[in-house]
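*Asks:* just to be clear, the model below is a prediction. Sequence and coordinates:
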Amino acid sequence: MIVRKAVIPAAGLGTRFLPATKAQPKAMIPIVDVPAIQLVVEEAARVGLHDVLVVAGRGQVAIEDHFDRSPELEGFLEAKGKTEQLEAIRAISRLAQVHVVRQQEPLGLGHAVSLARAHVGDEPFAVLLADDLIHPSAPLLAEMLRVHGKYGRSVIAGMEVPKPDIASYGCIEPERVEDHLDRVVSVIEKPDPERAPSNVAVIGRYVFTPEIFDVLDRITPGSGGELQLTDAINLLAQEQAVYAYRFDEGRFDVGNPLDYLKATVELAVEREDVGPAFRDWLWDFAQRRKLV
């Protein structure tokens, strides 16, 4: 069955970005001048996923407003002759049909995904975490959809990380199938690095068969007292094949301030409008600070 829908859990409190996230959703923090969640919706749209459900939290109406039409702003820009900005604003609402459901309590990523059941129904679907940005040139989601089409099973993204860092991720016990592809023997949430079965971390891109919802109904609160998506994937992997597609570049954890800065710099220098001047400034800055 063709994957048509994407789910973006974005209800986190963004505590690593306080005080910036005190009054605005973390997913709306911009990379240069584009909110992170817009980049994620653009990623989904590039592979044909134009039906997007955002799982938002309390007080995050700015997300829904961002993807809606804004007649007042459009009228102002049109009256001022700002045609380039006007087209950029109108293009946002044409990216995808964006729906929003609210996660009323922060009960974990597994709970957030379970809220998509009524919207998704009995179809396979993709999950894209708003914290994880994937460079537009990286074909990760397209490759995951290809693997799902070939095997008809759930696919998660995996990336090798330094062994000490695996304590911050779900950890995959892999069994090699082909280049870049493993079968998931098991997956555990944030293991002790000394006991971790590998250094292959789960990254925030998933393609799920609808059976994930039945599994989510059966798990109990795990790490942090939350319903962990990792626990559901592990249970699903014991009942049917689950695959991990390995990639090694193009990912930014923009929930982390350092990675957020890296993403901002890398994507800024590639832009046609600000990139050339920004690259010149960066080079001058590095020389003045004796960084090169």
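*Replies:* Now that the structure is in, tell me what you want to look at. Numbering: from 1, shown residues only.

*Asks:* what does stretch 178-192 contact?
*Replies:* 143, 147, 156, 158, 166-177, 196-197, 200, 202, 222-223, 228, 230-231, 233-234, 237-238, 241-247 (CB atoms under 8 Å, 6 or more residues apart in numbering). From N, CA and C alone the C-beta is placed, and that goes for glycine too.

*Asks:* can you list the domain ranges for the protein.
*Replies:* If you go by automatic domain parsing, the domain ranges for the chain are 5-255, 256-292.

*Asks:* highest average neighbour count across the ones you listed?
*Replies:* domain 5-255 (a mean of 18; mean count of other CB atoms under 10 Å).

*Asks:* end-to-end on that one?
*Replies:* Start-to-end span of domain 5-255 (CA to CA, to the nearest Å) is 24 Å.

*Asks:* now do stretch 155-165
*Replies:* End-to-end distance (CA to CA), stretch 155-165: 22 Å.

*Asks:* and stretch 134-141, by the same measure?
*Replies:* Start-to-end, stretch 134-141 (CA to CA) is 9 Å.

*Asks:* who are the contact partners of the residue most central in space within the chain?
*Replies:* Nearest to the geometric centre of the chain sits residue 129, at 2.5 Å (CA atoms, centre = their mean). Contacts for residue 129 (CB under 8 Å, 6+ apart) come out as 8-9, 40, 109, 204-205.

*Asks:* what residues does the host helix or strand of residue 213 touch?
*Replies:* According to DSSP states H and E, residue 213 maps onto helix 211-218. Contacts with helix 211-218, where a contact means CB under 8 Å, 6+ apart, come from 110-111, 113-114, 117, 120, 154, 227, 229, 232-233, 235-236, 239-240.

*Asks:* any chance of the domains of the chain in JSON lines, with mean pLDDT too?
*Replies:* Shown next, in JSON lines, are the domains of the chain (pLDDT from 0 to 100):
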{"stretch": "domain 5-255", "mean pLDDT": "93"}
{"stretch": "domain 256-292", "mean pLDDT": "93"}
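
*Asks:* what's the distance between stretch 103-119 and the middle of its chain?
*Replies:* Offset of stretch 103-119 from its chain centre (CA atoms, centre = their mean, to the nearest Å): 15 Å.
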